[in-house]
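Enquirer: Got a predicted structure here, sequence first:
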Amino acid sequence: MRWGDGFIIVYDITDRGSFEDVAPLRSLLEEVKKPKNVPLVLVGNKSDLDHVRQVATEEGERLAAEMACAFYECSACADEGGAVAEAFHELCREVRRQCICTCVHMVVNGLKPGCVLQLEWTTI
Ligand SMILES: Nc1nc2c(ncn2[C@@H]2O[C@H](COP(=O)(O)OP(=O)(O)OP(=O)(O)O)[C@@H](O)[C@H]2O)c(=O)[nH]1
């Protein structure tokens with residue numbers, strides 16, 4: 001988990017336990033990936049199984065708002081609306097936004113002596 005410019009946290013909308021694991025997982029990410037504000041997208045998977053849903057869409061939206069990240073519900077099995085691809089595209093956009101913010105911050109505040117600037121992202 002030490003490598004990665006951005007992360008998608010996926011829970012299963014039919015499994016409340018997986019939703020409850022999101023917040024601790026996010027805290028762990030923030031701890032491991034310093035500085036803060038890791039580019040993140042929250043995804044509720046298995047939206048085709050609405051009849052056995054245990055997590056409401058609004059709960060996912062609320063958690064994403066608390067985590068200040070984008071939120072999608074999708075189905076890996078029936079991705080008719082293209083939400084899976086959109087979640088990945090949004091993560092790439094967020095990585096770019098934060099990369100630009102880091103550059104602006106360093107230009108405004110100056111590079112500290114001995115500071116190593118490593119910027120990298122992968123084009124998909
Ligand atoms: N109906 C439905 N099934 C899915 C979806 N995504 C994954 N699955 C199914 O869920 C099962 C577990 O999928 P895995 O990819 O192994 O994921 P996992 O992390 O082991 O997930 P769980 O076993 O559900 O905790 C498989 O049978 C998948 O086909 C989805 O969007 N909709």
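Expert: Thanks, I have it. Residues are numbered from 1 along each chain as shown.
Enquirer: The spatially closest residue to A87 that is not a sequence neighbour - how many residues pack around it?
Expert: In space, A87 comes closest to Y72 once its chain neighbours are excluded; the distance is 4.5 Å by CB to CB, 6 or more residues apart in numbering. In this view, the C-beta of every residue, glycine as well, is placed from N, C-alpha and C. Neighbours of Y72 under the rule other CB atoms under 10 Å: 21.
Enquirer: cool, and G60?
Expert: Look at G60: counted by other CB under 10 Å, it has 20 neighbours.
Enquirer: bridging residues for the closest residue to it other than its chain neighbours?
Expert: Leaving aside its chain neighbours, G60 sits nearest to G44 (4.6 Å; criterion: CB to CB, 6+ apart). Beta-bridge partners recorded for G44 (DSSP bridges): Y11, E73.
Enquirer: can you give me the helices in the protein?
Expert: Per DSSP state H, the chain carries helices over the ranges 16-20, 22-32, 57-66, 83-109.
Enquirer: May I see these arranged in CSV, with mean pLDDT and distance to F7 as well?
Expert: Formatted as CSV, the helices of the chain follow (pLDDT from 0 to 100; distance: least, CB to CB, whole Å):
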stretch, mean pLDDT, distance to F7
helix 16-20, 98, 16
helix 22-32, 90, 6
helix 57-66, 98, 13
helix 83-109, 79, 8
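Enquirer: Looking at those, spot the one closest to D5.
Expert: D5 sits nearest to helix 83-109 of all the helices of the chain, at 4.7 Å, using CB to CB.
Enquirer: give the contact list for N37.
Expert: Listed by CB atoms under 8 Å, 6 or more residues apart in numbering, the contact set of N37 reads 68, 98.
Enquirer: So it versus I13, what's the distance?
Expert: 26 Å (CB to CB, to the nearest Å).
Enquirer: can you put the helices of the chain in JSON lines and add distance to C77?
Expert: Compiled in JSON lines, those are given as follows (distance: least, CB to CB, whole Å):
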{"stretch": "helix 16-20", "distance to C77": "16"}
{"stretch": "helix 22-32", "distance to C77": "21"}
{"stretch": "helix 57-66", "distance to C77": "18"}
{"stretch": "helix 83-109", "distance to C77": "10"}
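Enquirer: Many thanks, we can stop here.
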